[in-house]
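Colleague: coords please:
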Amino acid sequence: MFVTPAWDQALFTWINTRHAPAADWLMLAVSEAWLAWALGGLVLALYVWRKGVRSALPLLLIPLAVGAADFSTKHLKDANCRARPLNTLPHTRFFEDGVWQKRPAGFSRKPGCGSSYPSAHAANTMAAASSVMFLIPQTRPWLLALPAVTGYSRVYLGKHYPTDVLAGWVVGLAWAAFVRMLFMWWRRRRN
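Modeller: Predicted structure coming up:
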């Protein structure tokens with residue numbers, strides 16, 4: 001069983017219990033995978049429009065980083081078996097079946113494996129954002145907002161502990177760095 005440090009649980013509780021209607025809507029929206037793909041497609045389309053198709057070819061490495069991060073987190077989840085907070089902690093607030101819910105005070109964890117550690121949402125958005133930053137340096141000032149807000153949303157929604165999000169960010173950053181090395185290798189061979 002995965003042991004959750006006290007500070008991790010306390011930070012989770014602090015984030016999960018502070019809510020507002022506007023934040024509820026925003027946190028649900030940024031956790032939607034289709035939104036991240038739509039934003040990514042828009043950025044790619046704008047880049048191709050401004051720079052041309054040939055200059056956009058290295059950006060095809062971004063889905064490679066995201067796919068590798070997603071694949072890695074799946075296997076790490078299976079190996080760690082950490083239960084999600086919404087399936088573990090009483091008083092956890094979460095969204096399910098179209099409504100906001102809260103676990104009762106007497107809630108206890110059901111036996112079995114979980115899929116909390118690491119957060120695939122955090123890994124995938126960090127892999128995408130970091131890869132774009134490596135390949136298009138002028139995007140650096142604002143692009144890290146995507147993994148930051150997405151990671152926060154996963155805690156807010158009761159799906160992950162903060163350490164799940166941190167681990168996801170590390171996985172995503174590692175794959176983005178690997179993609180950058182591939183790009184640099186490709187560029188050297190081309191010249």
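
Colleague: what residues of the helix or strand bottoming out on mean pLDDT in the chain count as buried?
Modeller: Lowest by mean pLDDT, DSSP states H and E among the helices and strands of the chain is helix 53-56, with a mean of 75. For helix 53-56, a neighbour-count test (16 or more other Cβ atoms under 10 Å) marks residue 56 as buried. Placement of C-beta: from N, CA and C, glycine included.

Colleague: helices or strands up against that helix?
Modeller: Using 3 or more Cβ pairs under 8 Å, 6 or more residues apart in numbering; DSSP states H and E, the elements in contact with helix 53-56 are helix 33-51.

Colleague: packing partners for the helix it packs on?
Modeller: Secondary elements touching helix 33-51 (3+ Cβ pairs under 8 Å, 6+ apart): helix 53-56, helix 120-135, helix 145-156.

Colleague: for the helix or strand following the second one, which outside residues touch it?
Modeller: When you say that, I think you mean helix 120-135. Following the chain from helix 120-135 toward its C-terminal end, the next helix or strand by DSSP states H and E is helix 140-143. Identification of contacts with helix 140-143 by Cβ atoms under 8 Å, 6 or more residues apart in numbering yields 129, 132, 133.
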